[in-house]
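>>> Pasting the sequence and the predicted model now:
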Amino acid sequence: MRQVVIYPGEDGYYVAEVPSLPGCISQGESKEAALANIKEAIDIYIAALREDNLSVPHYNI
């Protein structure tokens, strides 16, 4: 599991970011929705890196 940072956005939604994956950001109407959305975004982000034969950044637990 990667570290996820969740914080309130300016539009009333919650923003979720993954520091170890630059640019991997999502949002949701609640913290739970933002977390579910960022999990999907992580999977898509990593799949895109692999498809382009790029290395997946390491993370610390």
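Nice, thanks for sending it over.
>>> got any ranges where the protein has weak pLDDT?
Residues of the chain that meet the criterion pLDDT under 70 lie in 60-61.
>>> what helix or strand is residue 46 on?
Here residue 46, judged by DSSP states H and E, is contained in helix 31-51.
>>> Only the buried residues of that helix, if you could.
Across helix 31-51, burial judged by 16 or more other C-beta atoms under 10 Å covers 34, 37, 38, 39, 41, 42, 45, 46. All C-beta spots, glycine's among them, are computed from the backbone N, C-alpha and C.
>>> gap between it and the chain center?
A distance of 5 Å separates the centroid of the chain from that of helix 31-51, by C-alpha atoms, centre = their mean, to the nearest Å.
>>> do you know how far the residue located most distally from the centre of the chain is from residue 36?
Most distant residue from the mean C-alpha position of the chain: residue 53, 20.1 Å away (C-alpha atoms, centre = their mean). Distance, residue 53 to residue 36, by C-beta to C-beta, to the nearest Å: 29 Å.
>>> what comes into contact with stretch 16-35?
Residues outside stretch 16-35 that contact it (C-beta atoms under 8 Å, 6 or more residues apart in numbering): 2-6, 9, 13-15, 36-38, 40-42, 45-46, 57-60.
>>> hmm, 6 Å instead?
Contact with stretch 16-35 is made by 2-6, 13-15, 37-38, 41, 45, 57, 59, as judged by C-beta atoms under 6 Å, 6 or more residues apart in numbering.
>>> Would you mind listing the buried residues in it?
So, applying 16+ other C-beta under 10 Å, buried residues of stretch 16-35: 16, 17, 18, 21, 24, 25, 26, 27, 28, 34.
>>> now the end-to-end length of it.
Using C-alpha to C-alpha, to the nearest Å, the end-to-end distance of stretch 16-35 comes to 7 Å.
>>> any chance you could read off phi and psi for residue 16?
phi -120, psi 130 (degrees, to the nearest 10).
>>> partners of it in the sheet?
Residue 16 forms beta bridges with residue 6, residue 26, as assigned by DSSP bridges.
>>> ok so, going back, select, from the buried residues of stretch 16-35, the two members most distant in space.
Longest distance between any two of the buried residues of stretch 16-35 is 17.5 Å, between 21 and 28; criterion C-beta to C-beta.
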